[in-house]
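Trainee: Coordinates for the following, if possible.
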Amino acid sequence: MTTLRVALIQQDTVWQDPAANLAKARGFVARAARAGARVAVFPELFTLGFTMAPEPFAEPLPGPTTEAVAALSREFGLYLVGSAVEAHAPHPRNAAFATGPDGALLAAYRKIHPFSYGEEHRHYTGGLECPVFQVDGIPCGLQICYDLRFPEPFRALAAQGAEVVFVPANWPARRIAAWSTLLAARAIENQMAVCGANRVGRDAMNLDYPGASVLCDAFGETIAKGEAAEGLVVGDLDLAALRAWRERFPALKDRRPEVYHHL
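Mentor: The predicted structure follows:
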């Protein structure tokens, strides 16, 4: 496959109400399928909101949320990226996952960097791995929101051959300039497409979320960007151009890991 149509879902999440949010989710996936998307990406913790009271919602992976999203994947024949609170000791984990058109759970990623500024580290345990999975033969990875501020996991995904990284987020309006800048930076430095799906609306902590979901190509150029409203942001990623750029300008080969060992 040389192009990949991606739909980023800008959902106004109903606070801590999984049933209501999953009911809304089906409508978004149906719209993504009608738009011809092959992949649809929900925001971070799309069934709950960015809650700092995760324990009542903790579940195994696979579990109820992955099963609900997998059912939508099967119904509409799409790859989907969702997220859930995963049961774990001493604290739950903020997890993203991907499901395939046959309903298979393709990957689960646990947010490596809990957002300490918002005290997420007091309520969630950070993850340890950056898995790569396939979307129609395209190697893909996952990161979550605050992870965007750290180049290392994106480079780890690039080293594994990832060409597209999906980033579910709850990124507030007050820091939205950093969001678009960092999405482009991660794309440029790794010669990969980076797709950030951000929520809209206001949460129970009175934080405003402006959407501004973005699909960036391997040059850091914006393929599509959302406004501050519920809906889809749809765009086509040119994988042929990405691969040609990596071959023509193989910057990743000029890395010198032996110099970076102290990191």
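
Trainee: got the CA positions of stretch 7-26 in PDB?
Mentor: The C-alpha coordinates for stretch 7-26 follow below in PDB (Å, rounded to 0.1, in the frame of the first residue of the first chain):
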ATOM      1  CA  ALA A   7      -9.500   9.700  10.200                       C
ATOM      2  CA  LEU A   8      -8.700  11.500  13.400                       C
ATOM      3  CA  ILE A   9     -11.800  11.700  15.700                       C
ATOM      4  CA  GLN A  10     -12.300  14.900  17.600                       C
ATOM      5  CA  GLN A  11     -14.700  13.800  20.300                       C
ATOM      6  CA  ASP A  12     -16.200  15.900  23.100                       C
ATOM      7  CA  THR A  13     -15.800  13.200  25.800                       C
ATOM      8  CA  VAL A  14     -18.600  12.700  28.300                       C
ATOM      9  CA  TRP A  15     -16.900  12.800  31.700                       C
ATOM     10  CA  GLN A  16     -16.300   9.300  33.200                       C
ATOM     11  CA  ASP A  17     -19.200   7.800  31.200                       C
ATOM     12  CA  PRO A  18     -18.000   4.800  29.200                       C
ATOM     13  CA  ALA A  19     -21.400   3.800  27.900                       C
ATOM     14  CA  ALA A  20     -22.200   7.300  26.600                       C
ATOM     15  CA  ASN A  21     -18.900   7.600  24.900                       C
ATOM     16  CA  LEU A  22     -19.000   4.200  23.300                       C
ATOM     17  CA  ALA A  23     -22.400   5.000  22.000                       C
ATOM     18  CA  LYS A  24     -21.000   8.200  20.400                       C
ATOM     19  CA  ALA A  25     -18.000   6.200  19.100                       C
ATOM     20  CA  ARG A  26     -20.000   4.100  16.700                       C
END
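
Trainee: The spatially most central residue of the chain and Glu67: what is the separation?
Mentor: When Cα atoms, centre = their mean is applied to the chain, the residue found nearest the centroid is Val167 (2.5 Å). To Glu67, Val167 is 23 Å away according to Cβ to Cβ, to the nearest Å. For glycine as for every other residue, the C-beta is placed from the backbone atoms N, C-alpha and C.

Trainee: can you check Ala228 too?
Mentor: For Ala228, the distance to Glu67 - Cβ to Cβ - is 32 Å.

Trainee: Likewise for Pro153?
Mentor: Between Pro153 and Glu67 the computed distance is 27 Å (Cβ to Cβ).

Trainee: okay, the two: which has more neighbours?
Mentor: Taking neighbours as other Cβ atoms under 10 Å, Pro153 and Glu67 compare with Pro153 leading, 23 against 13.

Trainee: How about the more buried one: what's its closest non-neighbour residue?
Mentor: Closest residue in space to Pro153, ignoring its immediate chain neighbours: Cys130 at 5.1 Å, by Cβ to Cβ, 6 or more residues apart in numbering.

Trainee: Would it be right to say that that neighbour lies in a helix?
Mentor: No: assigned with DSSP: H, G, I helix; E, B strand; the rest coil, Cys130 falls outside any helix and is coil.

Trainee: Contacts made by whatever helix or strand Gly141 lives in with the rest, please.
Mentor: Here Gly141, judged by DSSP states H and E, is contained in strand 138-142. Strand 138-142 is contacted from outside by 1, 4, 81, 96-98, 107, 109, 130-134, 154, 157, 160-168, 239, using Cβ atoms under 8 Å, 6 or more residues apart in numbering.

Trainee: Right, I'll leave it there.
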